[in-house]
Structures are given as C-alpha cells and as structure tokens.
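Student: Sequence first, then the predicted structure, then my questions.
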Amino acid sequence: MSLGAPVRRQGPPGAGTVRDLAQPGRAAWSFPDLDVEPTEIPEAHRRRQAPGLPEVAERDLVRHYTRLSQMNYGVDTGIYPLGSCSMKYNPKLAEVAAAAPGFARLHPLQPDATAQGALEILWRLEAALCEITKMTRATLQPPAGACGELTGLLIMRAHHTELGNPRRTVLIPDSAHGTNPASARLGGYRAVPVPSTKRGLVDVDALAGLVNDEVAGLMLTNPNTLGLFEEDIARITAIVHDVGGLVYYDGANLNAIMGRSRPGDMGFDIVHINTHKTFATPHGGGGPGAGDPDGTFRMSEDAPRSIGRMHGFHGNFGVLVRAYAYVFFHGSDGLQEVSELAVLNANYLASAILEDFPLAYPDPRPMHEFVATAAGLEREAGVRAMDVAKRVIDLGYHPSTVYFPLVVEEAMMVEPTETESKETLDGFAAAMRQAAAEARSDPDLLHQAPVTAPVRRLDEARAARHLRLTWRADAPGND
Ligand SMILES: Cc1ncc(COP(=O)(O)O)c(C=O)c1O
C-alpha cells in the first residue's frame, strides 16, 4: 500500500518551545561596534524589566521553527479530506498574484486615484461572481462565509422592514450548515427547523405546513451537509415566495455546482459563496493559511440602499485577488471542469470504501462530498469513527471530518476535492480499508492511535475551550 505524507516527530526528542533551547549569552544577532556617541533613551521610554526573550543562536532558531513547520500537515503536504471545508491544493499562481507588490503593499487609506488597478480587480470580480451565481449585485466585504450569511440575513430583514414588517422566523432545513441557525439568530430571527425525508432531502410537505406570513425566508444549503443536491428546489422556492418570504442560498459549497447550475436561475433571492475555499485560499482555522471568504447578494429592486458596513475598507483584499486569479485563469470551461472533478472524485472515493463505510444516505448519489458511517464497524468491533480517524493519521493521511453532520450516527464526512489524483484517492481509500481491517483484528491498535504523530490523542473539548496559544512566564508550569 502506498502511504500518504508522513506526519512524524522531527528533530531531537524532548525539544519543546524555543525557550528549551536557550543558553545564557547566546544570540541570533550581532551588531557592529558603535561608531557614534551613544545617546541615552529618555527615562519615560525605558522599560523597567528585561523583555524575557530566549537567548538562542540563529542556527537553533532556524532549526526549531523548521522542525515545527515539518510537523504540520497542510494542503501542500497531502490530501486533506475534511468534509465541509474544501481543503484543496491551492495553485501557486494565485499566491504569486496576491503577493505582487502593487497589491500586497497597498495601503487602505491611499487615494483612490493611486489604487485604480486594485479597484478594477474588485469590480471585475464582482461581475464574475454575479455571472457565476446569476445575481445582480455583490458585496465583497464579508470576511467569512458565516459573515456572508449574516449580511444576507440583514438584507432580508431590511427588505421586510421596508415593506412594513421585519417578520419573525427563518426556516432552516435540519441538513443545513451549522452556521445558518446562528446567523438567523444574530440577524434577529427565530430559526425554525425543517425536517428531512428518509432520503436526506428537504421534506417539502413539512415545509408547506411551516410557512406563514411571519416567515421572513428560508436558508437552503445546497448541496446540503449530507453532500446531496436538493431535488425539489422549484417547489421549495415557490412555497416560500408564496408567503412573501425570500429564499437564501448557502453557496459555500459552490465547487460542487459552479459552471453547471446557478442559484439565480433556480429562483433564489440572496446567495453567499465562500470565495476562499471555492477558489484559492485554504479555509481559515482549518487550513495552513488565513482564509477569508466574501459574499454575493442579489438586492431586489425594492431592497434598501445599505445595511451599513460589514468590514473595513474592501474586505480581505488578498483573498479576493486570489479568487480573481483563480476564476480568470480557469475561465468558464475550467470552472465547469472543477465542479465535474469535485463530484467525480467524491463518488470514486465513496465507492472505494463502501464495503467498510457505507453511505448514510445512498440515494441520490453524493455531489462533491459524502457522509459515510462507521456505525456498523462500531457494532462489530467496538471501534468508533474517531478511532478510525486517528489511525488514518498513523497511516500518513489527514482524516475526514467525524461526527458531523449530527443527524448521522458515527458520521465520517469526506471531501476529497477536485485537486487530488487517482493515486492519492486510491492511497487514502487503502488506508481507510486497512483501518477497518485492523479494527476487526486488533481493535486496541485503533483505540491507541495515533502513535506516530507529534502528539497522541488530545482532549479535544478541553483544547477547544481552554485555548493556550501563547507562552506566558506566569502561566502554571512555565517557571
Ligand atoms: C455550507 C457552509 N455554509 C457556511 C459555512 C461557513 O463558512 P466560514 O467557515 O467561512 O464562516 C461553511 C464552511 O465551510 C459551509 O460549508
């Protein structure tokens, strides 16, 4: 079996923070002898205590940070099939464009006349996003998909307020992304769940029973979090429009449909897309770089002129340059090919691991990602989805998302993305099958995993709730 990129301990054992390498008198710098009269720093500006920086040689400093970078796993290291995150390989051409000095060194306060090229890019990108989604206007301000949702919800609220009643509720299918109900709440609405059918699609009859004239709108994630393309979109939009509601398209997963179908053609009023993960910036905290999306919205003719600012200046400009570069070097045919490959790769991988990890909702076929279940393996061998994920790390791969969506028992949500080759997909599938075989023959191996990673199994809830990302001299254990 071919292994993925190894995630291994690097460097000497026992090395922790850069402070562990410090020795009195060592330094990573040297200044030439002073050849001018020394000047005293004014008393008011002198620090009372030394800054407490570690005394480390340049060599040790470089080795320390290089070692840390080699312990990391990212989209430049190997497949990162984290369902719902589209962690794909990002072409370096987009990086080169964003790093061009004319873009990277722009100051947000410099006069418009000196930033015409940058403004033109934003204008062209807005036009391209409107073309891709079939919307009439777009804002590039929201700095994340969730903020795009909030922006859309505030537009929805402003629209209804102008008509005399902001209304009270927003309908959200239980297969929606988790940020949807949170955004509805932040937008001042009560989120009302719409149940799914046994096939994992919106229960349209139940929806018809939930609408009334207090419904401001419905938010539809499509493909939904089960990776399925909703089949009854025309009926769904008609039911909501009939009571005067607006229909919102969560298009964060646009890489599944772009170039093939457009929310505007399907009757949606407001759309957001995650330009970071759809195009060429890894997804925020889950990725090796900073990732910030933006949104695109259709303002109806009677929509208010402004809901105010969602972000300073023009949003996250570097991410927008990457998106622009990606859209234009692919062209419309290329973007269509991207979505074709995203769906093909997901279906290929789903079929390759089907025997051990069956699809939770096998009909219709998944789009760009799929949700498999380890529930059978748990019953058979007492090994859970989390154990499989940890073992996959030992086998050299980043695991899939686990335990999301919540409606699936022992969920494993896999999104291989369009950028992976057949060999990589085969390697990942082989690792998953090997983990399943080991679960049956030696379940403890999986309960112990990972054993080769830089850290063993973490208390993830504690790590998430008690983040400690900086070193402080006064923190317990740091004396
Ligand atoms: C369907 C869907 N909606 C919304 C979001 C939220 O986007 P962000 O994490 O950028 O806030 C995501 C995240 O990937 C998503 O997959």
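Tutor: Yep, it's here. Numbering: from 1, shown residues only.

Student: Checking my notes, Asp250 in a strand, right?
Tutor: Yes. Membership of Asp250 in a strand is supported by DSSP: H, G, I helix; E, B strand; the rest coil.

Student: nearest spatial neighbour of it, skipping sequence neighbours?
Tutor: In this structure, Asp250 finds its nearest non-sequential neighbour in Thr221, 4.1 Å apart by Cβ to Cβ, 6 or more residues apart in numbering. (C-beta placed from N, C-alpha, C; glycine too.)

Student: Is the one you found in contact with Thr179, as I believe?
Tutor: No. Counting by Cβ atoms under 8 Å, Thr179 is not a contact partner of Thr221; they are 9.3 Å apart.

Student: of the two, who's got more company?
Tutor: Applying other Cβ atoms under 10 Å to Thr221 and Thr179 shows that Thr221 carries more neighbours, namely 23 against 20.

Student: Now do the same for stretch 407-422: mean pLDDT, whole number.
Tutor: Mean per-residue pLDDT for stretch 407-422: 97.

Student: Please apply the same query to stretch 221-235.
Tutor: Here the average pLDDT along stretch 221-235 is 97.

Student: Which residues outside it are in contact with it?
Tutor: Stretch 221-235 has contacts (Cβ atoms under 8 Å, 6 or more residues apart in numbering) with 83-84, 173, 175-177, 180, 199-202, 204, 220, 236, 249-253, 256-257, 263, 266-267, 346, 360-361, 364, 366-371, 404-405, 407-408, 413, 415.

Student: what do you get for stretch 409-416?
Tutor: 79, 81-87, 225, 227, 345-346, 349-350, 357, 360, 368-375, 377-378, 384-385, 388-389, 400-405, 425, 428.

Student: just checking, which of those residues belong to strands?
Tutor: Among the contacts of stretch 409-416, the ones falling in strands (DSSP state E) are 370-373, 401-402.

Student: could you pull out the helices for the stretch 301-450 of the chain?
Tutor: Secondary structure of the stretch 301-450 of the chain (DSSP state H, counting those that start in this stretch): helices located at 317-353, 375-381, 385-394, 422-441, 443-448.

Student: quick revisit: so which of the ones in strands among the contacts of stretch 409-416 is the closest to the ligand?
Tutor: The ligand has its nearest neighbour among the ones in strands among the contacts of stretch 409-416 in Thr401, at 10.3 Å by Cβ to the nearest ligand atom.

Student: Quick check: residues of this protein near the ligand?
Tutor: The interface of the chain toward the ligand, taken as Cβ under 6 Å from any ligand atom, is made up of 84-85, 144-146, 177, 179, 221, 250, 252-253, 274, 284, 293.

Student: Which two among the residues you listed are spaced furthest apart?
Tutor: Thr221 and Gly284 (17.8 Å; Cβ to Cβ).

Student: Report the distance from stretch 316-328 to the chain centre.
Tutor: Its chain's C-alpha centre and that of stretch 316-328 lie 16 Å apart, by Cα atoms, centre = their mean, to the nearest Å.

Student: Good, wrapping up.
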